[in-house]
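>>> sequence isn't available, so here's the structure alone:
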């Protein structure tokens with residue numbers, strides 16, 4: 001092989017031959033402690049909206065009435081880089097006291113509550129009750145033609161229960177979103 005042929009056999013170092021690696025998206029649960037005052041939630045949501053980030057789940061509740069502090073739990077998906085940007089930008093907001101990525105901190109305890117309304121007639125009624133028992137869902141309202149089940153657990157469990165209720169006559173679903181807390185004796189900074 002001549003030097004000229006050898007040169008042609010090896011592709012040149014060029015950007016056309018570079019393979020771009022994509023970071024995979026991850027699902028993270030963030031806990032944000034904020035002042036409990038008007039407009040704070042709008043500012044947090046505005047941060048996500050302005051940058052084109054999506055919030056999969058959002059729950060808010062006052063956690064210290066005497067201190068006027070609320071906790072916002074956000075479930076978001078993104079690449080590690082985007083999730084770091086979200087955490088950093090949340091920390092810069094004035095009413096934010098602290099931000100914790102519960103997913104990074106370890107295996108958080110996550111639970112969700114759902115109310116699931118299902119038609120209940122004949123064999124499908126019996127099957128819906130049997131499945132509810134297997135999933136430890138409680139009947140919180142019953143009529144001759146329908147049930148309302150209350151189910152609590154991890155999001156995956158709630159999703160599975162809802163999928164199984166679809167062929168049995170699923171009518172309506174209401175979900176709270178994730179409530180999450182880290183494991184261990186430490187409390188989140190307020």
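Everything's here; your move. Note that this is a predicted model, so its numbers are computed, not measured.

>>> all contacts plus neighbour counts: C-alpha atoms, from now on.
Noted.

>>> list the contacts of the spatially most central residue of the chain.
By Cα atoms, centre = their mean, the mean C-alpha position of the chain lies nearest to residue 75, the distance being 3.2 Å. Shown in contact with residue 75 (Cα atoms under 8 Å, 6 or more residues apart in numbering): 27-30, 55-58, 178.

>>> tell me the pLDDT of it.
pLDDT, residue 75: 95.

>>> can you check residue 146 too?
Value listed for residue 146 in the pLDDT field: 94.

>>> partners of it in the sheet?
residue 119 (DSSP bridges).

>>> ok, it to residue 23 distance?
46 Å (Cα to Cα, to the nearest Å).

>>> for residue 110, same thing?
Taking Cα to Cα, one finds residue 110 at 25 Å from residue 23.

>>> higher neighbour count, these two?
A count of neighbours by other Cα atoms under 10 Å puts residue 110 above the other of residue 110 and residue 23, at 16 against 10.

>>> which strand or helix spans the closest residue to residue 101 other than its chain neighbours?
Nearest residue to residue 101 in three dimensions, chain neighbours excluded: residue 30, at 4.5 Å (Cα to Cα, 6 or more residues apart in numbering). Assigned by DSSP states H and E, residue 30 belongs to strand 26-35.

>>> for residue 67, same thing?
Here residue 67 is assigned to no helix or strand, by DSSP H and E.

>>> so what's it up against?
Contacts of residue 67 by Cα under 8 Å, 6+ apart: none found.

>>> phi and psi next, for it.
Residue 67 adopts backbone torsions of phi -100, psi -10, taken as degrees, to the nearest 10.

>>> ok, back up a step: how close does the residue nearest to residue 101 sit to residue 89?
13 Å.

>>> the longest helix seen in the chain: which residues count as buried?
In the chain, with assignment by DSSP state H, the single longest helix is helix 155-169. Of all the residues in helix 155-169, those buried under the rule 16 or more other Cα atoms under 10 Å are 155, 158, 161-162, 165, 168-169.

>>> does residue 116 touch residue 162 like I think?
Yes - with contact defined as Cα atoms under 8 Å, residue 116 counts as touching residue 162 (7.4 Å).

>>> mind listing the shared neighbours of the two?
Common neighbours of residue 116 and residue 162 (Cα under 8 Å, 6+ apart) are residue 170.

>>> can you pull the contacts of the residue lying closest to residue 114 once chain neighbours are set aside?
Spatial nearest neighbour of residue 114, excluding adjacent residues (Cα to Cα, 6+ apart): residue 175 at 4.3 Å. Residue 175 is in contact with 112-115, counting by Cα under 8 Å, 6+ apart.

>>> mind listing the strands the next helix or strand after the longest helix of the chain pairs with, and their directions?
Using DSSP H and E, the helix or strand that follows helix 155-169 in sequence is strand 170-181. Sheet pairing for strand 170-181, assigned by DSSP bridges, gives strand 109-119 (antiparallel).

>>> which of the residues in the strand it pairs with are buried?
In strand 109-119, counting by 16+ other Cα under 10 Å, buried: 110-119.
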